[in-house]
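Enquirer: return atomic coordinates for the entry below.
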Amino acid sequence: MTQDKLLTQVKSVLVIHDRPESFSAALQARFPDIAFTYVTSLDDLPAQFAAANP
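Expert: The predicted structure follows:
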């Protein structure tokens, strides 16, 4: 699968990281058509996963 084909299929991404502020702007700039949801606490993961539907 080519990168172009992959990018057309991905609409949202759930990112689990304790400090997403260190890279979230770069992700959004590189992939402006993708909706990123960030989870910083594993306690929030189930709710965020259900809400984001990645």
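Enquirer: please enumerate the strands of the protein.
Expert: Applying DSSP state E to the chain gives strands spanning 12-16, 35-39.
Enquirer: and those, which is most packed in?
Expert: Comparing the strands of the chain by mean neighbour count (mean count of other C-beta atoms under 10 Å), strand 35-39 ranks first with a mean of 16. Where you see a C-beta, it was placed from the backbone N, CA and C, and this is true even at glycine.
Enquirer: show me what that strand pairs with in its sheet, parallel or antiparallel.
Expert: strand 12-16 (parallel) (DSSP bridges).
Enquirer: please tell me how far the partner strand is from the chain's geometric centre.
Expert: Chain-centre distance of strand 12-16: 3 Å, with C-alpha atoms, centre = their mean, to the nearest Å.
Enquirer: ok, stretch 17-32 next?
Expert: Between the centre of stretch 17-32 and the centre of its chain there are 9 Å (C-alpha atoms, centre = their mean).
Enquirer: what distance separates the opening and closing residues of it?
Expert: Taking C-alpha to C-alpha, to the nearest Å, stretch 17-32 runs 20 Å from one end to the other.
Enquirer: would you mark the buried spots in that stretch?
Expert: Under the neighbour-count criterion of 16 or more other C-beta atoms under 10 Å, stretch 17-32 has P20 buried.
Enquirer: residues in contact with it?
Expert: Contacts with stretch 17-32, where a contact means C-beta atoms under 8 Å, 6 or more residues apart in numbering, come from 7, 15, 34, 36, 38-40.
Enquirer: turn those into JSON lines, columns for pLDDT and distance to Q48.
Expert: Compiled in JSON lines, these are given as follows (pLDDT from 0 to 100; distance: C-beta to C-beta, whole Å):
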{"residue": "L7", "pLDDT": "54", "distance to Q48": "23"}
{"residue": "V15", "pLDDT": "94", "distance to Q48": "10"}
{"residue": "I34", "pLDDT": "91", "distance to Q48": "16"}
{"residue": "F36", "pLDDT": "93", "distance to Q48": "11"}
{"residue": "Y38", "pLDDT": "93", "distance to Q48": "8"}
{"residue": "V39", "pLDDT": "94", "distance to Q48": "5"}
{"residue": "T40", "pLDDT": "94", "distance to Q48": "10"}
